[in-house]
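Visitor: dropping the sequence and predicted coords here.
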Amino acid sequence: MNLGNLTADLCADHKAEFCQLLRSTEREGVEYVIEDLENLGFFEAPASTRFHLCTPGGLVQHSLNVCHTALELMEMMHRRRPDLKSVLRKDSVILCALLHDVNKAEIYKPVVKRRRNAANTAWEEYDSYDVDFSGFPMGHGEKSVIMLLLSGLQLRDEEMLAIRWHMGAWDLAFQSPEAKSNINEARKNHPLCGLIQCADGLAASIIEHTAPGLEP
């Protein structure tokens, strides 16, 4: 996996796959979502400022990594728990995995930063990102849900919950006893919530992580 700057061709391929998967759900409102994401710069945005895929196009790559992982987990759960086939539906898994982080489309702003060079002998400039929440300071998972509903996407209750709580204990709201209760109830009653949270964590922490000593 290329964790450096993504080529224009690779970014175009990721965008095409993202749109193809999203359209495969045949969900009402998908075309509006794609149009809005295009306008927001989703397909050019990074996935983070420094933790994973901090590069143009990183956000759509991360979304695809989560989707592929979630679909593999879904198949495994279907084999181990056939009774879950009716509640872990492919269209729901695709929608939630691809769209869980749409809130990030407008928060990263390109900047030039300074750091010590590899030899620690001088300062050098490099391209990076800062975060700006001023446009619509609504939070993380909840902002994604609101953006999707405003775009006209038809979401089921469990899909909204899976997107809202995909950060799990990493969500700042988790410090609230009420939020902890909501997350626990969502995971207990809707397996989709646990599956998306797990896929997101695996993608960011393992698939997109460069092990010590390995070149990215």
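Guide: Cool, the structure landed.

Visitor: what residue ranges in this protein score low on pLDDT?
Guide: The chain contains residues with pLDDT under 70 at 1-6, 168-181, 183-184, 210-216.

Visitor: tell me who's in contact with the closest residue in space to residue 36 that isn't next to it in sequence.
Guide: The shortest distance from residue 36 to any residue that is not its chain neighbour, by CB to CB, 6 or more residues apart in numbering, is 4.7 Å, and that residue is residue 151. Where C-beta positions appear, they are placed from N, C-alpha and C, glycine not excepted. Contact criterion CB atoms under 8 Å, 6 or more residues apart in numbering gives 29, 32, 33, 36 as the residues in contact with residue 151.

Visitor: try 10 Å
Guide: 29, 30, 31, 32, 33, 34, 35, 36, 37, 99, 102 (CB atoms under 10 Å, 6 or more residues apart in numbering).

Visitor: now the second one: phi and psi?
Guide: Dihedral angles of residue 30 (phi, psi; degrees, to the nearest 10) stand at phi -60, psi -40.

Visitor: doesn't residue 95 make contact with it?
Guide: Yes - taking contact to mean CB atoms under 10 Å, the distance of 8.5 Å between residue 30 and residue 95 places them in contact.

Visitor: any shared contact partners between those two?
Guide: 22, 153, 154.

Visitor: where along this structure do the helices fall?
Guide: Assigned by DSSP state H, the chain shows helices spanning 8-24, 30-40, 58-80, 90-99, 141-151, 157-164, 177-189, 191-202.

Visitor: farthest residue from the center of this structure?
Guide: The C-alpha centroid of the chain is most remote from residue 121, which lies 37.4 Å away (CA atoms, centre = their mean).

Visitor: need the contact list for it.
Guide: By CB under 10 Å, 6+ apart, the contact list for residue 121 is empty.

Visitor: contacts only, for residue 69.
Guide: The contact partners of residue 69, taken as CB under 10 Å, 6+ apart, are 97, 195, 196, 198, 199, 200, 201, 202, 203, 206, 207.

Visitor: just the buried ones from the residues you listed, in PyMOL syntax?
Guide: Here is the PyMOL selection string for the buried members of the contacts of residue 69, based on 16 or more other CB atoms under 10 Å:
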select buried, resi 97+195+196+198+199+200+201+202+203+207
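
Visitor: correct me if wrong: residue 49 contacts residue 59.
Guide: No - in this structure residue 49 lies outside contact range of residue 59 using CB under 10 Å: 11.7 Å.

Visitor: more neighbours: which of those two?
Guide: When neighbours are counted by other CB atoms under 10 Å, residue 59 comes out ahead of the other of residue 49 and residue 59, with 26 against 15.

Visitor: wait, isn't the more buried one in contact with residue 99?
Guide: No - using CB under 10 Å as the test, residue 59 is too far from residue 99 to be in contact (11.3 Å).

Visitor: tell me, what's touching those two both at once?
Guide: Between them, residue 59 and residue 99 share the contacting residues 18, 37, 42, judged by CB under 10 Å, 6+ apart.
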